[in-house]
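please work out how this folds:
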Amino acid sequence: MHQITGSTAAEIADSIRALRERGLLGPGDALPPVRELAASLSVNRNTAVAAYRQLAQAGLVLSRGRAGTVIAGGETVAQEGLAANTVLRDIGSGNPDPSFIPDPTPALQRIVGRPVLYGEPVIDPALDAWAREWVAADLRRDDLRITITSGAVDAVERLLAQALMRDDAVALEDPCFLASIHTARLGGYRTIPVPVDAEGMTVDGLRAALDAGVRAIVCTPRAQNPTGASLSPTRAAALRALLVDHPYVLVIEDDHFSALSQRPYESLIGPEHRRWALVRSVSKFLGPDMCLAVAATDPTTAERLAMRLSPGTTWVSHLLQRLALAQLQDTSVQALFAAAAEHYAAKNRAFAEGLTVRGIPCEPGDGLNLWVELPVPARSAAEQLMRRGWLARTGDEFRPDEATTPSHHLRMTVHDLDEDETVALLDDLAAAVRR
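Numbers count the residues shown, from 1 in each chain. So this is what the prediction gives:
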């Protein structure tokens, strides 16, 4: 290992950066464990932790959990959205149907008003009032505070950053939303996978994560991505009971499908829990380009978030806030939400029934996608589908750790297929699992 130097976090980070830039450290090269680096440089362990965290936040290194920290570069990282540079029919994008995203033109005409200046409140007062009412209907906490962020991913990143240090453990669902996996890796956090079944996070899985010392939990209360699972009342109560003895573990609930969900909201956040956040973005129903989320949190977490969203730096545009509110309060847009919710549910239900008839039992969950269990490894089925013109996404991509066994699931986005395409895909998938 080339000599890393420095006595402060900034100096150590600069030293590693210089070694990387000169080609002396390359993609995949392992860096010393934190304790070993601290000992070799005669610095406090926290100094080494801070150096690695600076590098991780800059995207220069990646945390591999127990496998250590390595120089970043050249990784093929799974991302949500349409696949680039392919002639195949993409059935794994996870996108909403554009025909159910409201046209913002009428709302744009209503949001013009007085400009916002430096030093003014970062949250539009009307949106703040509406968001409080929206959240309070489900989360009955007298102490909740509202913060507006640039989408759910931004909210989760900021929430974790204000609560965790590098190498701290965070519980993620297994399988997990891709952005949460990337956020944890970029922050240098240790991920503890918690299995998800039809009722959400498992009790044994969360108990094991708490025993492992997690300081934060990222959970999807309904329409879990990729499985479509939603917390049942019984499961939510059991998980809240586990958390009674851990009131300062930060619980982040990403309720991304809120306005479209067919399931009631159930929560891990108990009445006495001290550190919590309920995040609701608008991207699934107002469109992915509407980068805005409401984060309802406890007062302490809100204060820490406010320090990272201060006036003059990184607040969310008031024009965007007003546009979102104008659409959310529009009765015609609300009717479109209802139609979209029924469309996604009906299309997924019909496709699941078609799979079951063809010998692939499938229960539709909630959300935009279907989570299809196969009798063969998913990658094998995906390869067969490619030969038939389909681009599928396997469950291997959604694992928060380095799994050794192959996934037997596909996450499929089928709500935008026409009738002929639906029948063709059903037949092709049935043939793919028989080979």
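
which parts of the stretch 51-200 of the chain are helices?
105-108, 125-136, 152-163, 178-187 (DSSP state H, counting those that start in this stretch).

pull the distance from the third one to the chain's centre.
Shown here is helix 152-163, whose average C-alpha point lies 10 Å from the average C-alpha point of the whole chain (C-alpha atoms, centre = their mean, to the nearest Å).

adding distance to residue 24 and mean neighbour count, write the helices of the stretch 51-200 of the chain out as TSV.
(Glycine included, C-beta is placed from N, CA and C.) Shown next, in TSV, are the helices of the stretch 51-200 of the chain (distance: least, C-beta to C-beta, whole Å; neighbours: other C-beta atoms under 10 Å):
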stretch	distance to residue 24	mean neighbour count
helix 105-108	53	14
helix 125-136	50	16
helix 152-163	30	22
helix 178-187	23	21
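
to residue 70, which of those helices lies closest?
Ranking these by proximity to residue 70 (C-beta to C-beta) places helix 178-187 first, at 10.7 Å.

for residue 141, see how far away the closest residue to residue 205 other than its chain neighbours is.
Ranked by C-beta to C-beta, 6 or more residues apart in numbering and with sequence neighbours excluded, the top spatial neighbour of residue 205 is residue 194, at 3.9 Å. Note on residue 194: its distance to residue 141, by C-beta to C-beta, to the nearest Å, is 24 Å.

more neighbours: which of the two?
Ranked by neighbour count (other C-beta atoms under 10 Å), residue 194 and residue 141 place residue 194 first, with 27 against 17.

now do the same for the more buried one: its pLDDT.
Note on residue 194: pLDDT of 97.

need the nearest residue in space to residue 355, chain neighbours excluded.
Closest to residue 355 by C-beta to C-beta, 6+ apart is residue 362, at 4.3 Å.

kindly report the same for residue 334.
Nearest to residue 334 is residue 328, by C-beta to C-beta, 6+ apart, at 7.9 Å.

and the closest residue to residue 398 other than its chain neighbours, what does it touch?
Distance criterion C-beta to C-beta, 6+ apart; nearest residue to residue 398, sequence neighbours excluded, is residue 175 at 3.6 Å. Residue 175 makes contact with 196, 226, 227, 395, 398, 399, 400, 407, 409 under the criterion C-beta atoms under 8 Å, 6 or more residues apart in numbering.

out of these, which one has the weakest pLDDT?
Scoring the contacts of residue 175 by pLDDT puts residue 400 last, at 88.

was I right about it contacting residue 189?
No. Using C-beta atoms under 8 Å, residue 400 is not in contact with residue 189; the gap is 10.6 Å.

my guess is residue 4 contacts residue 29. True?
No. With contact defined as C-beta under 8 Å, residue 4 and residue 29 do not form a contacting pair (11.8 Å).

quick one on the thing from earlier: so how far is residue 213 from the residue nearest to residue 205?
To residue 213, residue 194 is 14 Å away according to C-beta to C-beta.
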